[in-house]
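[1] quick one: sequence plus predicted model below, questions after.
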Amino acid sequence: MSTNRPDHLTWRHWVLALLTLGAIGAVMVRLYEVQIVNHEDYLEQAAITRQGASTLPASRGAILDATGYPLATSVDTWDIYIDRFLWRDRDLARPAADGLAEFMGLDADALWTLGTSGDNGDVVVSRTMEYGRGLLLNEQELWGVRLLPSSRRVYPEGDLAAQLVGYVGLEGGGLWGVESDFDHVLRGRDGWASIERDAIGRPIAFTQQRARDPIAGGEVRLTIDRFIQAMVERTLTQALERYEATSGSIVVMNPRTGAVLAMASQPSITLGAMDLDTPDLADLIRNRAITDLYEPGSVLKTLTTAIALDLGLISPESTYVDEGAVDVGGYTIRNWDLRAYGPVTVREYLQASLNTGSVWLGEKIGAEQFYDYLGRFGLDEPTHVGLAGEAEGTFRTPSDPNWYPVDLATNSYGQGLAVTPIEMLTAVNVFANGGVLMRPYVVSQIVTAGDVRTIEPVRVREVVSAATADTMLKLMRDVVEGPDWHGARVRGYEVAGKTGTTLVSIPTGYDIDTTIATFAGFIPAHNPQVSILVKIDQPSGGLNLGGQVAAPVFADLAAQIMAYLRVPPSHPMVVQP
Amino acid sequence: MAALPGARRPASQPRVSVGPAASGAVRDRGIPRALPTGWGVIRKRISRLMVISMLLLSIAAVGLVQVLQTTRVAEVGYQLRALEVERQSLDASIRILEAQIAQVSNLERLRLQAVTRLGMVPPETTMRIAVQAQAPANQPLPRRYVHLPAREPVPEPAWWEKLIGSVPGFQ
């Protein structure tokens, strides 16, 4: 074979081969250096490198009032840690301690001691540092100073509805109230990421294998209106001072839907300055409107009257003769004012709130039907308002071994049985809602990622006929508007309601010196927009009856709410306080 | 097919020129002989060493491209990381501003502002006049402290992007 090309290696081949071999050799030398010569050094650096699952915290959802205003929301903050493993390098740790101390206004030696007291683990320096300040600290890139995202719960309205809203703990979980009851909605779902970090803890770009994004917590919208809630809390605080009472509760509802517009109890807590070691914390955080049982007293006479009306046993003009006292099973039951009124109609009995009238009605109704109706009014079960800790009413029935005939008599005017304030108001609301019992609720909407759940009013059952409910509404209006004077009257509006006064029960019976003053009512009477229950415990300022204490509180509050809701008065008028 | 010495060329056989460059044939002692054509010629002309060298060069080129791509990808990765941090920071700022908006709408603060700054006092007389008109909707502030626009969905990657993404080192 003959060709022009040489069949031996030329200088070009040698150059190419040498270059290739040189490159391969360089790589081999570098590999030898990394893998053999400096093996230990690189091993240590690899140990410094952090690789693992890092939690990506989900922001906690807000609790909104009915107008969309946040009663509780979260803002981003930082928790500051010292990485004691990295601070083993004392030469780098010292300036880091000085820099951190200068930034935070702390003692550098104390930080140095804190960060060098061990060889491993992170030690916290500060929690919930303001977000912007944390970013400035991060820019300083202090050796071994780590910032981890956290959050802080803020309450823009301060302590408004504190017992209802609740509180979150250090780890961000709800401890009570809506924060606890709806924690599963509010907390969202933390994400996590596999993050490779460099020697000073910074995430290495493009090495992150994010496995799950965080899902922000949902929002819980309450039926509570912060304007009404503020009126209620202010009015309740003033009432406790004025009447020198130990505690109290006020519940405001929409009687047609069962939506709770405001719910307040005193004494209460300061959310912004919570101390979980407070000895009487349980008393302060308790939402008394749903947890505390009390004897409703004469407010229950409205139910007794309604039962008798619904059974067709009486009419508003039916009469009985009041002799001032009645004997039942060996016990003498007297009117609250120890007076005898003679022949009185049902209307007059309610206006004067005569115990003897209730006993008369109770006997006509009979025990079986009376207690059956009380159950239908929902007094033997929780209202299922949707909050934890709700108590349920309690009373004895003829099937109980310790029930006596006198129990029917005392129960008929609200003694010897116990209910919660929200239970009582829910039952009374039946009269403003055509005889239908509605379930109370405080949460109107739950908004989570991609899902909006609206809570609709729940009709529980028809308790009495619409005609009975209408008659009761008129009778209750006559209770307030009928006499020459009544403390619950609101100028320009007709009010329907009933007072209640009970003695405080103690283990040995009743404390005759202390009372619970209550008033439950609707406004305006002809077309109720709101129902309000006022309960003032143990007033000691000289006045202690429901009509003296609770009724004026109702009037004060109802006037404010009517103005806020822009409910037109019954007649054009000028009000001069 | 090689022609035998002295044989006549068949009429159907095309005439071939004897120029070595043009015909690919050479004369060996005056006798024309057919030489390899096509791939055979190329194989003869490229030595084995040359093939190896080209192979190595190709590998080096691919490696170089890989290095360049990895560098670029790392660069984009850092940019992404920075943007992600910026986004998180902006989200946090939004939440902080929302809370601040809510705090300045605090009822007690509004009352203080009304009393101290504007000199407002509770009304001494309230006059209510019935009019034949619908009352305006009650609009307490704020309705919702910040309305967040819906995020645009991230477009689905094309098939070729998924294919490239499935190659190790190109994720």
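    Good, I have the coordinates.
[2] tell me the bridge partners for the residue of the stretch 301-450 of chain A found nearest chain B.
    Using CB to the nearest CB, residue A:447 is the residue of the stretch 301-450 of chain A that sits closest to chain B, at 10.6 Å. Any C-beta I mention is one placed from the backbone N, CA and C, and that applies to glycine too. Note on residue A:447: beta-bridge partners residue A:219, residue A:452, judged by DSSP bridges.
[3] which residues touch it?
    A:61, A:218-219, A:221, A:453 (CB atoms under 8 Å, 6 or more residues apart in numbering or on different chains).
[4] what residue ranges in chain A score low on pLDDT?
    The model of chain A has pLDDT under 70 over residues A:1-6, A:43-54, A:193-211, A:272-273, A:571-577.
[5] for it, longest helix please?
    For chain A, the longest helix by residue count, based on DSSP state H, is helix A:11-32.
[6] name the helices or strands packed onto that helix?
    Packing partners of helix A:11-32 (3 or more CB pairs under 8 Å, 6 or more residues apart in numbering or on different chains; DSSP states H and E): helix B:48-104.
[7] just give me the neighbour total for residue A:337.
    Counted with other CB atoms under 10 Å in any protein chain shown, the neighbours of residue A:337 add up to 13.
[8] for chain A, what's the nearest residue on chain B?
    Ranked by CB to the nearest CB, the top residue of chain B for proximity to chain A is residue B:77, at 2.9 Å.
[9] can you tell me how far that residue is from residue B:64?
    20 Å (CB to CB, to the nearest Å).
[10] more crowded one of the two?
    Set residue B:77 next to residue B:64 and count neighbours by other CB under 10 Å: residue B:77 wins out with 16 against 10.
[11] sorry, back to before: show the buried residues in the contacts of residue A:447.
    For the contacts of residue A:447, a burial check counting by 16 or more other CB atoms under 10 Å in any protein chain shown picks out A:61, A:218-219, A:221.
[12] redo those as JSON lines? Include distance to residue A:11.
    JSON lines is the format used below for these (distance: CB to CB, whole Å):
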{"residue": "A:61", "distance to residue A:11": "76"}
{"residue": "A:218", "distance to residue A:11": "76"}
{"residue": "A:219", "distance to residue A:11": "78"}
{"residue": "A:221", "distance to residue A:11": "84"}
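[13] ok, those vs residue B:121, which is closest?
    residue A:221 (34.1 Å; CB to CB).
[14] apart from its neighbours in sequence, what residue is nearest the closest one?
    If the residues on either side of it in the chain are set aside, residue A:221 comes closest to residue A:445, at 4.0 Å by CB to CB, 6 or more residues apart in numbering or on different chains.
[15] the one you found and residue A:456 touch, don't they?
    No. Using CB atoms under 8 Å, residue A:445 is not in contact with residue A:456; the gap is 10.4 Å.
[16] higher neighbour count, the two?
    Between residue A:445 and residue A:456, counted using other CB under 10 Å, residue A:445 has the larger neighbour count: 17 against 8.
[17] in contact with the more buried one: list those residues for me.
    A:219-221, A:452-455.
[18] checking it next. Helix, strand or coil?
    Look at residue A:445: counting by DSSP: H, G, I helix; E, B strand; the rest coil, its state is strand.
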